[in-house]
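Peer 1: Got a predicted structure here, sequence first:
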Amino acid sequence: MNHRISVAGHQFSLFQMTWPVFIELLLQMLVGSIDQIMLSQYNATAVAAVGNANQIITTLILSFNVICLAATIMLSQFLGARDTEKAEQIYTLAVGLNLVISLMLSMLLLIGTDALLELMQVPVEARAEAKSYLMITTLSLPCQALMLTFSAFLRAHAKMLVIMCSTGFINLINIVGNVAFIYGIGPFPRLGAAGAAISTSICRTIGMLMMMYAFFRTIPGACISLQNLRPFPTNLFKRFLYIGLPSGGEGLSYNLSQSASLVFVNMMGTYAVTTRMYTIMFAQICYMLINAVSQSTAIIIGYYIGAREFDQADRQNWRILRIFAPISVGLAVILALFARPLFGFFSNDPQVIALGQQVLLVEILLEIGRCFNIVLVRNLQATGDVAFPVTVGICSQWIVGVGIAYLLGVHWGLGLVGIWIAFMLDENLRAVIFAARWKKGHWRHIQTL
């Protein structure tokens, strides 16, 4: 895994690209948990308020990721083809689009905050805190959009270590800011949810400035200027949307399908909801590893496609799966073997522990499909084959992941285990289809540049 890969004059080490992404994902998960713990110590309504407000913010951030994903894919292809002119057009296009989108969404959210909270049926006692959190964080949405955009540029240039260090520093500031503004330290008053919002907004602003500085410092000659868009590159813009919109749609569909299945779990009782939460937390270990590997691999695949080295791209794809599918499944086996002490550490409820053991056994088979899906979907997207995986993903997520989850879990009474079996069938069905799609080689004939 640690050997160096040479593509079109660029040198890559998959290990050096992957471990910073893994640490970055781990930091994001840990800091998210710390935020909830800090607010829970303040009061219960603050947790509910921020939880509802963040559901709205997270959905909006998905729209920025549409542009960022398209930018990463296209930049890796153009850099692989050594086309710096097109790369600079992508820089300017991505910054402009995310800036305009974020400003428009911020204005709409500020105007419609009350109506949106009413529509979501946010509890009355949490509504005031939810509104203050939402309005404060909304003001920093453009900073979040630009931070993600410049992070995507750095990712395309394989500057993962820079991103990891920046993310770690930003998260540290967030923790310190939470302590100061939520609880009130020194001259700062106790602000609760509003304090968390102030801390988040400060972090987004600092994060944007850090990512911009890192980009211009580490990418010599990089230029972002409206001059790059004269005349306006219409075909490039269309290609941008062709890659970004479907890919973002697939992610949105997955989140919505998981929300739909959560409704079924809520029908089964608190112990099932608790078990699901812990199971997902444990499964994140497998997910974060293969997610980090797939992000790095997709960038290398994009360079290979840009350099028209299709056979090398094919070999890299299967090599990664041969190495990491067994590792991912092995981690799931270890989790299943130690399920009782793992669940027992967080819960004394015998129902939670017993159910958790059963679900983690199904998780072993689920990880086989998920490993293939994450790697193959990202690699197909990197080649420009975006419509097929998105269509298959949406159909399978809702027909199998939600439809069969209802049949097995609710209608036939298998509970959370039945829902997990449906998730396993969904992941493995898509894995077989995507593996066949890659092997067929349609991606070799897609006009990418």
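Peer 2: That came through, no problem.
Peer 1: residues touching residue 170, list them.
Peer 2: 203, 206-207, 210 (CB atoms under 8 Å, 6 or more residues apart in numbering). The C-beta positions use only the backbone N, C-alpha and C, and glycine is treated the same way.
Peer 1: again with residue 348
Peer 2: With CB under 8 Å, 6+ apart as the criterion, no residue contacts residue 348.
Peer 1: name the element it belongs to?
Peer 2: Using DSSP states H and E, residue 348 maps to neither a helix nor a strand.
Peer 1: Surely residue 201 is in contact with residue 140?
Peer 2: Yes - Residue 201 lies in contact with residue 140 (CB atoms under 8 Å); the separation is 3.8 Å.
Peer 1: Between these two, which has more neighbouring residues?
Peer 2: Neighbour totals were compared for residue 201 and residue 140, and residue 140 leads with 23 against 19 (other CB atoms under 10 Å).
Peer 1: What is the burial count for residue 281?
Peer 2: By the criterion of other CB under 10 Å, residue 281 has 13 neighbours.
Peer 1: and the helix or strand hosting it, how far from the chain's centre?
Peer 2: Under the criterion of DSSP H and E, residue 281 resides in helix 270-306. Mean-position distance between helix 270-306 and its chain equals 9 Å (CA atoms, centre = their mean, to the nearest Å).
Peer 1: Stretch 96-116 too?
Peer 2: Distance, centroid of stretch 96-116 to centroid of chain: 21 Å (CA atoms, centre = their mean).
Peer 1: The helix or strand where residue 439 lies - contacts with which helices or strands?
Peer 2: Secondary structure from DSSP H and E places residue 439 in helix 415-440. Contacts defined by 3 or more CB pairs under 8 Å, 6 or more residues apart in numbering; DSSP states H and E place helix 415-440 against helix 234-266, helix 270-306, helix 350-383, helix 387-396, helix 405.
Peer 1: between these, which gets nearest to residue 421?
Peer 2: helix 350-383 (5.7 Å; CB to CB).
Peer 1: From residue 200, how far off is residue 286?
Peer 2: Shown here: residue 286 relative to residue 200, a distance of 29 Å by CB to CB, to the nearest Å.
Peer 1: got TSV for the helices and strands packed on helix 415-440, with distance to residue 74 too?
Peer 2: Formatted as TSV, the helices and strands packed on helix 415-440 follow (distance: least, CB to CB, whole Å):
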stretch	distance to residue 74
helix 234-266	7
helix 270-306	8
helix 350-383	10
helix 387-396	16
helix 405	36
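Peer 1: Which of the contacts of residue 170 sits closest to residue 394?
Peer 2: Closest to residue 394, out of all of the contacts of residue 170 and judged by CB to CB, is residue 207, at 31.6 Å.
Peer 1: if I read this right, that closest one contacts residue 166, doesn't it?
Peer 2: Yes - using CB under 8 Å, residue 207 is in contact with residue 166, at 6.9 Å.
Peer 1: Name the residues of stretch 238-258 that are buried.
Peer 2: 239-240, 243-250, 252-254, 257 (16 or more other CB atoms under 10 Å).
Peer 1: what does that stretch rub up against?
Peer 2: Under CB under 8 Å, 6+ apart, the answer for stretch 238-258 is 59, 62-63, 65-67, 69-71, 73-74, 90, 93-94, 97, 377, 381, 384, 386-387, 389-390, 393-394, 397-398, 401-402.
Peer 1: repeat for stretch 383-392
Peer 2: The contact list for stretch 383-392 (CB under 8 Å, 6+ apart) reads 73, 77, 242-243, 246-247, 249-250, 301-302, 305, 313, 376-377, 380-381, 430, 433-434, 437, 442-444, 446-448.
Peer 1: among these, which ones are buried?
Peer 2: Counted by 16+ other CB under 10 Å, those give 73, 77, 243, 246-247, 249-250, 301-302, 305, 313, 376-377, 380-381, 430, 433-434, 437, 443, 448 as buried.
Peer 1: mind listing what the closest residue to residue 159 other than its chain neighbours touches?
Peer 2: Distance criterion CB to CB, 6 or more residues apart in numbering; nearest residue to residue 159, sequence neighbours excluded, is residue 218 at 5.6 Å. Remark: with contacts taken as CB under 8 Å, 6+ apart, residue 218 is in contact with 154, 157, 159, 162.
Peer 1: which of those residues sit farthest apart?
Peer 2: Checking those with CB to CB, the most distant pair is 157 and 162, at 9.1 Å.
Peer 1: returning to what we had before: which of the helices and strands packed on helix 415-440 is buried the deepest?
Peer 2: Among the helices and strands packed on helix 415-440, helix 405 has the highest mean neighbour count (mean count of other CB atoms under 10 Å), at a mean of 26.
Peer 1: how far is it from where the chain is centred?
Peer 2: On the basis of CA atoms, centre = their mean, helix 405 is displaced by 23 Å from the centre of the chain it belongs to.
Peer 1: Could you list the low-confidence segments of the protein?
Peer 2: Flagging of the chain using pLDDT under 70 yields the residue ranges 1-13, 28-52, 54-55, 120-123, 186, 447-449.
Peer 1: hang on, the earlier thing: which of the contacts of stretch 238-258 are buried? Put it as a PyMOL command.
Peer 2: Only the buried entries of these go into this PyMOL selection, using 16+ other CB under 10 Å:
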select buried, resi 63+65+66+67+69+70+71+73+74+90+93+94+97+377+381+384+386+389+390+393+394+397+398+401+402
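Peer 1: got the contact list for the nearest residue to residue 324 once chain neighbours are set aside?
Peer 2: Excluding the flanking residues, the one nearest residue 324 by CB to CB, 6+ apart is residue 293, at 5.4 Å. Residue 293 makes contact with 14, 18, 320, 324, 375, according to CB under 8 Å, 6+ apart.
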